[in-house]
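**Q** The following comprises the amino acid sequence and a computationally predicted model.
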Amino acid sequence: MEEKNYSIYGLTAGDKLTDEICKLLGVKKEEMEINRFADGEILTRAVNSVRGKDIYIIQSISNPVNENLMELLIAIDALKRGSAQTINVIIPYFGYARQDRKARGRQPITCKLVANLITTAGANRVMTVDLHSPQSMGFFDVPVDDLRTTQEMARTIIRKIQEDNIKEEITIVSPDHGGLVRAREIADSLGNLVTNIAVIDKRRPKPNVSEVQFVLGDVKDKVCFIVDDMIDTAGTICNAAKALKQHGAKDVYLLACHGVFSNPARDRLTELIKEGYAKKVIVTNTIDIPEEHRFEGLEIIKIAELISSMIGAMVAKKSLSDVYQAFNEKIKTLIKKISK
């Protein structure tokens with residue numbers, strides 16, 4: 001791929017992922033100077049000229065959320081004032097995405113506010129990964145691509161079936177009604193490897209607190225893969241795993257795109273695995289998980305192949321749908337091998 005007409009930058013919360021993406025694309029990661037004044041102000045500067053170039057800048061809005069968001073906004077402004085032709089903002093984990101509606105009176109819709117800030121700063125296009133609510137793309141006044149990790153999750157499940165020699169019937173489980181579409185997509189991708197899907201009904205009395213009401217679907221003697229968009233404090237997914245085991249599930253695997261892992265997630269998940277409620281916790285590296293938040297039984301899968309393929313398609317001005325189709329063909333090949 002030619003490097004002349006575009007450049008890729010990684011900010012603090014996207015630096016390691018950017019290295020992986022650039023390696024796959026065979027291009028050099030451009031350098032962005034990031035300085036912080038004594039009072040906390042942020043100053044960014046692209047070391048090399050961006051005039052007339054298509055810029056791809058990668059930053060997750062993860063913990064510390066406000067710090068990383070502000071860094072992103074300032075970097076976009078710097079690139080705009082450096083006369084970049086287009087600024088394509090890639091946000092693997094979009095912080096504030098959960099605040100996408102007014103759940104109660106006098107509450108903000110912060111996802112819309114952040115969308116406005118990114119657009120006003122100068123973004124021409126935004127790319128996210130597994131946005132909490134896909135309809136939030138409508139908050140932006142610029143094109144948005146919400147990349148789905150359905151194929152990555154499906155490939156991971158196939159790999160686990162092979163590695164752990166799973167012979168039992170497979171059930172894909174959504175931890176709530178909102179994730180049912182995701183569960184169906186993954187089940188459809190896996191074809192005859194999956195026997196059915198199940199959903200857990202829950203209520204949320206307050207933020208970061210959930211209570212399981214009942215399990216809808218047949219999970220008895222099945223190997224269950226719970227799939228979710230994120231694991232934050234891990235309360236929801238831990239309760240879901242326990243409910244499945246109580247309803248007779250043989251084994252439970254936890255899969256999520258974003259490993260937010262706010263306290264006390266690490267302790268909860270460690271205990272969950274230790275007590276036999278779950279075999280593995282699998283997340284992608286949309287968020288760079290620090291060592292202190294990792295634990296035995298955690299597996300991190302790389303998302304760089306998906307994002308780099310999408311960037312390559314955008315640079316070549318090809319359809320992003322063709323990228324998904326190529327991933328689907330790979331999955332079909334894997335399913336044929338495992339079904340023999």
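**A** Good, I have the coordinates. Numbers count the residues shown, from 1 in each chain.
**Q** Now the strand or helix carrying Lys330 - C-alpha only, CSV.
**A** If you go by DSSP states H and E, Lys330 is part of helix 320-339. C-alpha atoms of helix 320-339 as CSV (Å, rounded to 0.1, in the frame of the first residue of the first chain):
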residue,chain,number,x,y,z
LEU,A,320,-16.3,-2.0,3.5
SER,A,321,-19.0,-4.6,3.0
ASP,A,322,-16.5,-6.6,0.9
VAL,A,323,-14.2,-6.8,4.0
TYR,A,324,-17.0,-8.4,6.0
GLN,A,325,-17.7,-10.8,3.2
ALA,A,326,-14.0,-11.9,3.2
PHE,A,327,-14.2,-12.5,6.9
ASN,A,328,-17.4,-14.5,6.5
GLU,A,329,-15.7,-16.7,3.8
LYS,A,330,-12.9,-17.4,6.3
ILE,A,331,-15.4,-18.5,8.9
LYS,A,332,-17.2,-20.8,6.5
THR,A,333,-13.9,-22.4,5.7
LEU,A,334,-13.2,-22.9,9.4
ILE,A,335,-16.7,-24.4,9.9
LYS,A,336,-16.1,-26.9,7.1
LYS,A,337,-12.8,-28.0,8.6
ILE,A,338,-14.3,-28.5,12.1
SER,A,339,-17.4,-30.2,10.8
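**Q** which strands and helices sit next to it?
**A** Judged by 3 or more CB pairs under 8 Å, 6 or more residues apart in numbering; DSSP states H and E, the packing partners of helix 320-339 are helix 150-163, helix 180-190, helix 304-315. C-beta here means a position set from N, CA and C on the backbone, and glycine is covered the same way.
**Q** Give me the mean pLDDT for the shortest one.
**A** Averaging the model's pLDDT scores along helix 180-190 yields 93.
**Q** Now for the closest residue to Ile161 other than its chain neighbours, how many residues are close by?
**A** Leaving aside its chain neighbours, Ile161 sits nearest to Ile338 (6.4 Å; criterion: CB to CB, 6 or more residues apart in numbering). Other residues lying near Ile338 total 13 when counted by other CB atoms under 10 Å.
**Q** Ile338 is in contact with Arg159, isn't it?
**A** No. Using CB atoms under 8 Å, Ile338 is not in contact with Arg159, being 9.6 Å away.
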